[in-house]
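**Q** have a look at this prediction, sequence included:
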Amino acid sequence: MIINSRFFNRSELIGFVALAALLFVILPLSLDVFRLNLVAKYLTYAFVGIGLVLCWGYGGILSLGQGVFFGLGGYCMAMFLKLEASSPENTKIQSTPGIPDFMDWNQITSLPLFWQPFHSLTLTILAIILVPGLFALIIGTAMFKRRVGGTYFAIITQAVAAILTILIVGQQGYTGGINGMTDLRTLKGWDIRPDHAKVMLYFFEVFLLFGCILLAQFIRLTKLGRILVAMREQEDRVRFSGYSVANFKIFAFCMAAIFAAIGGAMFALNVGFMSPSFVGIVPSIEMVIYTAVGGRMSIFGAVWGSLLVNFAKTGLSESFPQLWLFGLGGLFIAVVLAFPNGLSGIWADHVQPRIDRLMTWRKPKPAKAWTDSSVADGAPAE
Amino acid sequence: MLIGHQPKEFLLAVEALTVSFDGFKAVNDLSFYVEENEIRVIIGPNGAGKTTVLDLICGKTKATSGSIQFRGQELTRMKENQIVQTGVGRKFQTPSVFVDLTVFENLEISYPRGRTVFGSLAFQRDAAVRDRVEEVAEMIFLKDRLDTYADELSHGQKQWLEIGMLLIQDPDLLMLDEPVAGMSVSERAKTAELLNRIIKGRSVLVIEHDMKFVEDIAHKVTVLHQGQILSEGTMEHVKNDPKVIEVYLGH
């Protein structure tokens, strides 16, 4: 079993169990399918958040363009689903049956070459990982090998996000343009639209999310995780300890891109469409805000941040649509100024010590057992 | 010996090294040679280019022209991490340690294994690593602080930790930039003792202002002035060189 005492310390184990209980039991039992599907949508951003924790929180590389990778993953998935929804029988009223409807509207008469691999689910899954991974590798190599970092890197990622949006919107014959890819129906013949499918997809997504959490935690605990922290503080010292700083940055950036892409692919599946409004500058910044609110140093924090901010977004924008963006901006400023470690920082500094104290007062025996085990783990709680 | 034409094989051969920043030559046509197991101290007034020389050797600054040969390998064309891997270690003037990591983790990162991305993913903290880290921690007086975050160490302890990080790399050439600067008297004494112990079996290039310390350890002293060598030789020779006296005491 991977989840032994060394893999998670006590507070992380509690966080893991609490999150698992919430996502696997509490939410599915207490929410109707519509709301559960909303949670599934929120959780797609948690994948991005986990990547940002590694890349930004640990590695100190702030990417304001994660929407690019979210979008690439989402579009890869959507292209597969769109092709399946565009079978010759479904599209026999088109002038060219068998191609997606938006291509037909744009006078395209045959499926473009780069769409061909998306007939295959295996190739699609590979593309969801490889396309964003390779794209991040190219951007990362170009930037980090030239020692471009910090603000300049953040600005360039913004530019990439803007470019990709413009490209998608402009090439509407190949991408569906501003409307994106809509009317996605089946996955290998299995209808993704009815309620029971939505519930299944929700659970599948949560499983994937926990897979990503475990992978991120594994990376965090290796020497690579410590090198990321070291790099954030003293880049030169890492360099003069014999490491190629650029390669480690590229790795962190690629991992963040792949996590974001998995989130994007799950978005296309759960929400049933993909459009450029999830690729550009604004969604990219929102994704950073979710992570900052949750706590950029905490993998679980990123999940909580995505959930809570999006719940607030839905709640507020249902009642006060104009105020929401001000609220989000204010929240970001408040977090940066007052709680740089976000909700997880507040938890670790204020809530956890109180719980610890309560447990030692009320139940001396179990509390002692906890203390013993945490000392034995060599990882005492903060 | 492979190289026939050289009478003696130097560990480090710096030849005609020049670096100019916007026309200002911080190091100007500098040549010097360091032998195996030699302790060389570089002294000189502020702005003489001492730190720049170390920056050039370790690759932090790229030379405008000239050559730096280390064991016959040309360093000016290598990246910083490759230079480290050929056996050159560098300590910075201000302590640069990883404050969010523990003393143990700081030392472990410098352990010369698993330095690639995937190597570091597969890196295991085995007995060899643990023993070596503990051994070095004992040398740098931090054996009982292994689980302390480097943030909580005093200035002197941070300097020792950085020296320890270099020790774990086990470089053939150790470059130290003002290792006792900013230390208390007792810390200075301990550091001198530490340095005397660790310089055995390797060559050391030190920048230092503390003359007593220089006299204690130097085999040979190079005096830099305005990016050029003013004088070179034993401490005795350098001290009595009229050019040196003028630069240090004149005007």
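**A** In hand now; what should we look at? Numbers count the residues shown, from 1 in each chain, chains lettered A, B, ... in the order given.
**Q** could you use CA atoms for every contact and neighbour count after this?
**A** OK.
**Q** how about the helices in the stretch 101-250 of chain B?
**A** B:103-110, B:117-122, B:127-139, B:155-169, B:185-198, B:211-217, B:235-239, B:242-249 (DSSP state H, counting those that start in this stretch).
**Q** go ahead and flag the most central residue of the chain.
**A** Because you didn't say which chain, this covers chain A. In chain A, the C-alpha nearest the mean C-alpha coordinate belongs to residue A:48, at 1.8 Å (CA atoms, centre = their mean).
**Q** could you do chain B instead?
**A** For chain B, residue B:175 is the residue whose C-alpha lies nearest the centre (CA atoms, centre = their mean; 1.0 Å).
**Q** that one contacts residue B:93, correct?
**A** No. The criterion here is CA atoms under 8 Å, and residue B:175 misses it with residue B:93 at 10.5 Å.
**Q** run through who's touching the host helix or strand of residue B:40.
**A** Take DSSP states H and E as the rule and residue B:40 turns out to sit in strand B:39-43. Applying CA atoms under 8 Å, 6 or more residues apart in numbering or on different chains, the contact partners of strand B:39-43 are B:34, B:50, B:199, B:203-209, B:214, B:217-224.
**Q** with stretch A:113-127 instead?
**A** With CA under 8 Å, 6+ apart as the test, stretch A:113-127 has contacts from A:73, A:76-77, A:79-80, A:83-84.
**Q** does whichever strand or helix holds residue A:220 reach chain B?
**A** For residue A:220, the host element (DSSP H and E) is helix A:195-221. Yes. Counting by CA under 8 Å from any CA of the partner chain, chain B has neighbours in helix A:195-221: residue A:219.
**Q** next, count neighbours for the nearest residue to residue B:82 once chain neighbours are set aside.
**A** Spatial nearest neighbour of residue B:82, excluding adjacent residues (CA to CA, 6 or more residues apart in numbering or on different chains): residue A:242 at 6.7 Å. Residue A:242 has 28 neighbours, counted by other CA atoms under 10 Å in any protein chain shown.
**Q** just checking, which helix or strand succeeds the strand or helix carrying residue A:142 along the chain?
**A** Secondary structure assigned from DSSP H and E places residue A:142 in helix A:121-144. Moving toward the C-terminus from helix A:121-144, the first helix or strand encountered (DSSP H and E) is helix A:150-170.
**Q** so which elements touch the next helix or strand after that following helix?
**A** Remark: after helix A:150-170, the chain's next helix or strand is helix A:172-175, criterion DSSP H and E. With contacts defined as 3 or more CA pairs under 8 Å, 6 or more residues apart in numbering or on different chains; DSSP states H and E, helix A:172-175 has these neighbours: helix A:101-105.
**Q** so for the helix it packs on, what gets flagged as buried?
**A** Buried residues in helix A:101-105, defined by neighbour count with 16 or more other CA atoms under 10 Å in any protein chain shown: A:101-104.
**Q** now stretch A:12-25
**A** A:12, A:15-16, A:19, A:23.
**Q** redo the residues you listed as TSV? Include distance to chain B.
**A** Below are the buried residues of stretch A:12-25 laid out as TSV (distance: CA to the nearest CA, whole Å):
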residue	distance to chain B
A:12	18
A:15	22
A:16	23
A:19	27
A:23	30
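**Q** so which of those residues belong to helices?
**A** Of these, the ones assigned to helices by DSSP state H are A:12, A:15-16, A:19.
**Q** taking the residues you listed together, which two end up most distant?
**A** Across those, no pair lies farther apart than A:12 and A:19, at 10.4 Å, counting by CA to CA.
**Q** now the one helix or strand residue A:68 maps to: how far from the chain's centre is it?
**A** Here residue A:68 sits within helix A:66-85, counting by DSSP H and E. Its chain's C-alpha centre and that of helix A:66-85 lie 14 Å apart, by CA atoms, centre = their mean, to the nearest Å.
**Q** please name every helix or strand in contact with it.
**A** The contact analysis (3+ CA pairs under 8 Å, 6+ apart) places helix A:66-85 against helix A:121-144, helix A:150-170, strand A:186-187, helix A:245-271, helix A:281-294.
**Q** for chain B, what's the nearest residue on chain A?
**A** Nearest residue of chain A to chain B: residue A:242, at 4.1 Å (CA to the nearest CA).
**Q** what about that residue, which SS state?
**A** With DSSP: H, G, I helix; E, B strand; the rest coil as the basis, residue A:242 sits in coil.
**Q** residues of the helix holding residue A:68 that come out buried?
**A** Judged by neighbour count (16+ other CA under 10 Å), helix A:66-85 contains these buried residues: A:66-85.
**Q** likewise for stretch B:144-161?
**A** B:145-146, B:148-150, B:153, B:155-161.
**Q** got any ranges where the chain has weak pLDDT?
**A** All of this refers to chain A. Where chain A drops to pLDDT under 70, the residues are A:1-5, A:362-382.
**Q** wait, I meant chain B there
**A** Residues of chain B meeting the criterion pLDDT under 70: B:1-8, B:249-251.
**Q** rerun that using 80 as the cut-off
**A** For chain B, the stretches with pLDDT under 80 are B:1-9, B:248-251.
**Q** find the closest residue to chain A in it.
**A** residue B:81 (4.1 Å).
**Q** can I get the contacts of stretch A:113-127 in TSV with distance to residue A:57?
**A** As requested, the contacts of stretch A:113-127 are exported to TSV (distance: CA to CA, whole Å):
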residue	distance to residue A:57
A:73	22
A:76	28
A:77	28
A:79	32
A:80	33
A:83	38
A:84	39
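**Q** returning to what we had before: and the furthest pair within the buried residues of stretch A:12-25?
**A** A:12 and A:23 (16.2 Å).
**Q** report how many residues lie close to residue A:175.
**A** Applying other CA under 10 Å, we find 22 residues neighbouring residue A:175.
**Q** quick one: residues contacting residue 99.
**A** Going with chain A. A:83, A:86-88, A:91, A:109-111.
**Q** you looked at the wrong chain, it should be chain B
**A** Taking CA under 8 Å, 6+ apart, one finds A:233, B:149-152 in contact with residue B:99.
**Q** out of the residues you listed, list just those in strands.
**A** In strands, judged by DSSP state E, none of the contacts of residue B:99 are found.
**Q** include distance to residue A:342 when you put those into a markdown table, please.
**A** Putting the contacts of residue B:99 into a markdown table (distance: CA to CA, whole Å) gives the following:
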| residue | distance to residue A:342 |
| --- | --- |
| A:233 | 20 |
| B:149 | 22 |
| B:150 | 24 |
| B:151 | 22 |
| B:152 | 23 |
